[in-house]
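Undergrad: Predicted model and sequence follow; I will ask about them next.
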Amino acid sequence: MDLFNTDPIVNILPADGIAHYYGKILSVTDARYYLDQLLQTIEWKNDEVVIFGKHIVTKRMAAWYGDEKFEYTYSNTTKQALLWTSDLLKLKTLVEQTTGSTFNSCLLNLYHTGDEGMSWHSDDEKALGPNTEIASLSLGAERKFSFRHKQTKQITSVILENGSLLVMKGTTQTYWHHALPKTKKVSRPRVNLTFRRIVL
Ligand SMILES: O=C(O)CCC(=O)C(=O)O
Ligand SMILES: [Fe+2]
């Protein structure tokens, strides 16, 4: 049942992958509730990444939750998943019902303002296995999300609305990078949840 969006779900990628934008799957009231809850209850930490051998602590904050205390290594740092909170379980169920897929973990990102973003990358870690499916739920400020083809450099973008769902699957991570560009136009926070399936 789709209460908030009756448009057909379209693949926003022209080739070499599938990115389905479902639009808003949460009401404004529910999106506001979950944003406030997650801001207060998630164990947010500044993310650490290694770029050109330099150790950098990001302004953006992140957290990692799952079915088990999974260990996950990226950018040379190992993280251990925390166990689901009740709000995260509710959101996971909603995302699973909407997509018809199951997920066992979630990486959360908190961008305080448009001054924080995420640079070009693909989510192709070994732990996710080939042709992995990632479901990305957005809460709070609307932000532009862009895909760039690794070979042709073609760019396609979508505005991720408050309470919206974007699903990446098929060969998307093999052929496309994605990014959340910084912007001067946004001064309010956004929380993004990427539900993933660790296969190990
Ligand atoms: O914040 C977003 O919408 C993107 C996050 C992302 O690409 C990631 O966590 O891998
Ligand atoms: Fe990503």
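TA: Good, I have the coordinates. Ligands and ions are numbered 1, 2, ... in the order given.
Undergrad: From now on I want contacts and neighbour counts done on CA atoms only, so please keep to that.
TA: Fine.
Undergrad: In the chain, which residue sits nearest ligand 1?
TA: Taking CA to the nearest ligand atom as the measure, the point where the chain comes nearest ligand 1 is Asn192, at 4.9 Å.
Undergrad: Now for that residue, which secondary structure element holds it?
TA: Element membership of Asn192, judged by DSSP states H and E, is strand 190-196.
Undergrad: what about Lys45, how many neighbours?
TA: 16 (other CA atoms under 10 Å).
Undergrad: Surely it and Lys59 touch.
TA: No. Lys45 sits out of contact with Lys59 when judged by CA atoms under 8 Å, with a separation of 9.4 Å.
Undergrad: So the residue lying closest to the residue of the chain closest to ligand 1 once chain neighbours are set aside versus Ser27, what's the distance?
TA: For Asn192, ignoring the flanking residues on the chain, the nearest one in space by CA to CA, 6 or more residues apart in numbering is Ser138 at 4.6 Å. Distance, Ser138 to Ser27, by CA to CA, to the nearest Å: 12 Å.
Undergrad: joint contacts of the two?
TA: Between them, Ser138 and Ser27 have Gly163 as joint contacts when contacts are counted by CA atoms under 8 Å, 6 or more residues apart in numbering.
Undergrad: More neighbours: which of the two?
TA: More neighbours surround Ser138 than the other of Ser138 and Ser27, with 26 against 14 (other CA under 10 Å).
Undergrad: Look at Leu88 and tell me its secondary structure.
TA: When the structure is split into helix, strand and coil by DSSP: H, G, I helix; E, B strand; the rest coil, Leu88 lands in helix.
Undergrad: Run the chain-centre distance for the worst-scoring helix or strand of the chain on mean pLDDT.
TA: For the chain, using mean pLDDT, DSSP states H and E, the weakest element among its helices and strands is strand 71-74, scoring a mean of 76. How far strand 71-74 lies from its chain's middle: 17 Å, per CA atoms, centre = their mean, to the nearest Å.
Undergrad: Give the other helices and strands that it contacts.
TA: Using 3 or more CA pairs under 8 Å, 6 or more residues apart in numbering; DSSP states H and E as the contact test, the elements touching strand 71-74 are strand 77-80.
Undergrad: just how off-centre is the next helix or strand after the strand it packs on within its chain?
TA: Heading C-terminal from strand 77-80, the first helix or strand you meet, by DSSP H and E, is strand 82-83. The gap between where strand 82-83 is centred and where its chain is centred comes out at 18 Å by CA atoms, centre = their mean.
Undergrad: Neighbouring strands - and their directions - for strand 82-83?
TA: If you go by DSSP bridges, strand 82-83 pairs up with strand 54-66 (parallel).
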